[in-house]
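In: Could you work out the structure for the sequence below:
(chains A and B)
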2 protein chains.
Amino acid sequence: MAAPEVGNKRVTLKRHVTGFPTEDDMELLTPTARLAVPPGSTAVMVKNLYLSCDPYMRRRMTKHQEPSYPEFVLGEAIPTFGVSKVVESGHPDYKAGDLVWGMTACEEYTLITKLGSVFKINHPELPLSYYAGVLGMPGLTAYAGFFNVAKPKKGDYVFVSAASGAVGQLVGQLAKITGCYVVGSAGSDEKVNLLKTKFGFDEAFNYKKEQNLNAALKRCFQEGIDIYFDNVGGAMLDAALLNMRLHGRVAMCGMISQYNLERPEGVHNLACVVTKRICIEGFRVMEYFGTYCKFEEEMVGHLKEGSIIYMEDVVEGLENVPAALVGLFYGRNIGKQLVAVAHE
Amino acid sequence: MAAPEVGNKRVTLKRHVTGFPTEDDMELLTPTARLAVPPGSTAVMVKNLYLSCDPYMRRRMTKHQEPSYPEFVLGEAIPTFGVSKVVESGHPDYKAGDLVWGMTACEEYTLITKLGSVFKINHPELPLSYYAGVLGMPGLTAYAGFFNVAKPKKGDYVFVSAASGAVGQLVGQLAKITGCYVVGSAGSDEKVNLLKTKFGFDEAFNYKKEQNLNAALKRCFQEGIDIYFDNVGGAMLDAALLNMRLHGRVAMCGMISQYNLERPEGVHNLACVVTKRICIEGFRVMEYFGTYCKFEEEMVGHLKEGSIIYMEDVVEGLENVPAALVGLFYGRNIGKQLVAVAHE
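Out: You can find the predicted model right below:
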């Protein structure tokens, strides 16, 4: 008997974006889909439970992007990381009912053909949404970026921008666990308050209220910065360079302040890289997927002990993906932005 | 019997500089000096033979520089690297007649009190001027920057800016010895010709004649750049970032294009650092002084074999230091700029 055909709601990109994205750049469509894996295929059909909204997705909304960020295909479900349940599997490693996280798409059901970045969920006793955040791509980003790229030592002075976001809140907590002094920047007093009272940052500031970012950093880092975990780029990076210590390291994770600009802002203080012998290193999380299992066990330990907490901003309903995605660029989310599509 | 008092010509900075330096910013003075080491001191009195003119010195001509480039003291002989002969020594490791290279000053005789960066010349059979160039500070800069910071592999695509200069000409030759493909940029057709015919670069271009630096690099590097050895910063760095390959490395040695600007140019393409996982690392040669002896033996070997050649631009006479220093910023020198003060 053939699998039933169902309406499969999806969020698609209607047009490629310049400048700030709007909800109207996206569109909710409901094509039909057969909930089955094509005969002979090793693909997996999943039902999506949680979908992740991440700043880097903005880069894929632009036409003619660099090959490493291929542009989204108009009319197709927008690819993103998510938490899903296997409905049917053509692959020997997966069976119906398995819970997985990895690259899926903004729709109710997705046929995943590339299983290289799909991982089994080993701790379903924790909130499943964690696998779109602290135990998923953003969690591994924070962990690998901090330990493998920024290479912290106890006592280091660490600065994190977008510090209450999906990645930043974890970098700050990992830095505290490592014995570092940690300062975060965020875009509202409410977020700054969270950094200090909930995530244990030593200090935090609201960058929108600072006349002079250099002065703000000087106030928070009288001894200078050993590690800057950069999620924003632009003017904050420029100010951080002025405040780096000798042999400081910049782990370059993202540049949310630049994604909506036609031409990125200029960074003027790179001479500091020579004088202070700074190392600036970019990284991308997929290069660390091979270390996922080790990371998962360690992070699960922290979560169960309570030594790391994670704040999520979950909106209900696939139809709210456009608003959630757009909201990232106005700082509307408090914590990791997720969309709950279905509850198993 | 007291040592004789002599007139000791010196080149001093008359005023701190903004914008391009001029010869008039400097002044030739002739105070008297006693050619003796003060009793009880471990200092060394040297007669200067060759003095080095280097772009980084421009940074010390500006007032209120960062602590790592302390500003020159007005009226005192301008400190620089040079080749000297010991006249009198209060230090057990040095004796009259020793040939040394290291930090001295733009004058006929210098009392060197800080001997931490003064090295014995172990190969006086080679031209002594080499110790202000290929066997001195610029040589070690090229060697340490290329091997320790840029970390080349055979087959790497290497780009060097200011490629016929004191450091660049060596980086290119070291890259060829390592089995890399090497392209250099320089500021005149004569220099470009030298790069290709004398220093063995695979390709070279005159950046002043290029409409579009990005296009010039694309033409020379169809596969992209693995290593950019940056001596200039600014627009060339921006163009290089667009052409870096995945996991490319930028060894940031200097930024001659920026030293005379009141406000450095903005670099707009740092997003490439994330997408292509580039590592940008600044370095300074003094951190590698501990490796000098190993470097000296290896470089002497190359010079004697003829596998490395070195081009110098020597002007005669201490009084020509101001013109030589200013000339660096107009690209007047062809090869390493030196001033011969005395011939032993």
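In: and the closest residue to chain B within the stretch 151-300 of chain A, what does it touch?
Out: Here the stretch 151-300 of chain A gets closest to chain B at one residue, residue A:266, 1.3 Å apart by Cβ to the nearest Cβ. No exception for glycine: its C-beta is placed from N, CA and C like everyone else's. Shown in contact with residue A:266 (Cβ atoms under 8 Å, 6 or more residues apart in numbering or on different chains): B:265, B:266, B:267, B:268.
In: pLDDT wise, what is it at?
Out: We have a pLDDT of 96 for residue A:266.
In: cool, residue A:96 as well?
Out: Residue A:96 is assigned a pLDDT of 96 by the prediction.
In: and the longest helix for chain A?
Out: In chain A, with assignment by DSSP state H, the single longest helix is helix A:292-305.
In: Extract the CA atoms of the following helix or strand past it and return them as PDB.
Out: Next helix or strand after helix A:292-305 toward the C-terminus (DSSP states H and E): strand A:312-316. This file holds the C-alpha atoms of strand A:312-316, laid out as PDB (Å, rounded to 0.1, in the frame of the first residue of the first chain):
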ATOM      1  CA  GLU A 312      15.900  29.300  24.600                       C
ATOM      2  CA  ASP A 313      13.400  31.500  22.800                       C
ATOM      3  CA  VAL A 314      10.900  29.100  21.400                       C
ATOM      4  CA  VAL A 315       8.000  30.200  19.100                       C
ATOM      5  CA  GLU A 316       5.300  27.800  18.200                       C
END
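In: Could you list the paired strands of strand A:312-316 along with their orientation?
Out: In the sheet containing strand A:312-316, its partner strands are strand A:336-340 (parallel), by DSSP bridges.
In: Report the distance from the partner strand to the chain centre.
Out: 11 Å (Cα atoms, centre = their mean, to the nearest Å).
In: Is the residue nearest to the spatial centre of chain A in a helix, a strand, or coil?
Out: Among the residues of chain A, the one closest to the centroid is residue A:138, at 4.1 Å (Cα atoms, centre = their mean). Using DSSP: H, G, I helix; E, B strand; the rest coil, the structure places residue A:138 in helix.
In: for it, what are its contacts?
Out: Per Cβ under 8 Å, 6+ apart, neighbours of residue A:138: A:52, A:54, A:166, A:167, A:170, A:336.
In: Low-confidence regions, chain A specifically.
Out: Residues of chain A that meet the criterion pLDDT under 70 lie in A:1-2, A:65-66.
In: near chain B, which residues of it?
Out: Proximity of chain A to chain B, by Cβ under 8 Å from any Cβ of the partner chain, involves residues A:59, A:66, A:68-69, A:233, A:237, A:246, A:252-255, A:258, A:263-284, A:287.
In: hang on, residue A:91 packs against residue A:44?
Out: Yes - contact criterion Cβ atoms under 8 Å: residue A:91 and residue A:44 qualify, at 5.4 Å.
In: With neighbour numbers in mind, choose between these two.
Out: Remark: of residue A:91 and residue A:44, residue A:44 carries more neighbours, 27 against 16, as counted by other Cβ atoms under 10 Å in any protein chain shown.
In: dump the residue contacts of that one.
Out: Each residue near residue A:44 by Cβ under 8 Å, 6+ apart is listed here: A:37, A:86, A:88, A:89, A:90, A:91, A:94, A:100, A:111, A:112, A:115, A:118.
In: Equivalent analysis for residue A:334, please.
Out: Applying Cβ under 8 Å, 6+ apart, we find residue A:334 in contact with A:164, A:190, A:191, A:194, A:311, A:313.
In: which of these are buried?
Out: Among those, those classed as buried by 16 or more other Cβ atoms under 10 Å in any protein chain shown are A:164, A:191, A:194, A:311, A:313.
In: Taking the stretch 1-150 of chain A, what residue is nearest to chain B?
Out: Using Cβ to the nearest Cβ, the closest approach of the stretch 1-150 of chain A to chain B is made by residue A:68 at 4.9 Å.
In: Please name the nearest non-neighbouring residue to that residue.
Out: Excluding its sequence neighbours, the residue lying closest to residue A:68 (Cβ to Cβ, 6 or more residues apart in numbering or on different chains) is residue B:275, at 4.9 Å.
In: Please look at that neighbour and residue A:69 and confirm they touch.
Out: Yes - judged on Cβ under 8 Å, residue B:275 makes contact with residue A:69 at a distance of 6.2 Å.
In: Got the phi and psi for residue A:148?
Out: Residue A:148 adopts backbone torsions of phi -90, psi -30, taken as degrees, to the nearest 10.
In: Run a quick neighbour tally on it.
Out: Neighbour tally, residue A:148, other Cβ under 10 Å: 14.
In: How about residue A:283?
Out: Residue A:283 sits with 22 neighbouring residues when counted by other Cβ under 10 Å.
In: ok, residue A:56 - contacts?
Out: Residue A:56 sits next to A:69, A:254 when contact means Cβ under 8 Å, 6+ apart.
In: Quick check: bridge partners of residue A:109?
Out: Beta-bridge partners, per DSSP bridges, of residue A:109: residue A:47.
In: The residue nearest to residue A:154 when sequence neighbours are not counted: neighbouring residues, count only.
Out: By the measure of Cβ to Cβ, 6+ apart, the closest residue to residue A:154 outside its immediate chain neighbours is residue A:179, 3.6 Å from it. Residues within reach of residue A:179, counting by other Cβ under 10 Å, total 11.
In: hang on, residue A:179 in a helix?
Out: No - applying three-state DSSP, one finds residue A:179 to be coil, outside a helix.
In: List phi and psi for it.
Out: Dihedral angles for residue A:179 - degrees, to the nearest 10 - are phi 90, psi 30.
In: my guess is it contacts residue A:202, does it?
Out: No - the pair residue A:179 / residue A:202 is not scored as a contact, 11.7 Å apart, by Cβ under 8 Å.
In: that older thread, filter the contacts of residue A:138 down to just the ones in strands.
Out: Judged by DSSP state E, strands contain the following of those: A:52, A:336.
In: which of the contacts of residue A:138 lies closest to residue B:156?
Out: Checking the contacts of residue A:138 against residue B:156 with Cβ to Cβ, the nearest one is residue A:167 at 31.8 Å.
In: Show me the helices in chain A, by range?
Out: Going by DSSP H, chain A shows helices at A:57-60, A:137-144, A:168-177, A:189-197, A:213-220, A:234-243, A:271-275, A:292-305, A:321-328.
In: contacting residues for the spatially closest residue to residue A:321 that is not a sequence neighbour?
Out: Excluding its sequence neighbours, the residue lying closest to residue A:321 (Cβ to Cβ, 6+ apart) is residue A:11, at 4.4 Å. Counting by Cβ under 8 Å, 6+ apart, residue A:11 makes contact with A:26, A:27, A:28, A:77, A:78, A:106, A:107, A:318, A:319, A:321, A:322.
In: can you rerun that using 6 Å?
Out: Going by Cβ atoms under 6 Å, 6 or more residues apart in numbering or on different chains, residue A:11 touches A:26, A:28, A:78, A:106, A:321.
In: OK, contacts around the fourth one?
Out: Looking back up the chat, that one is residue A:106. Residue A:106 makes contact with A:11, A:51, A:77, A:78, A:80, A:321, according to Cβ under 6 Å, 6+ apart.
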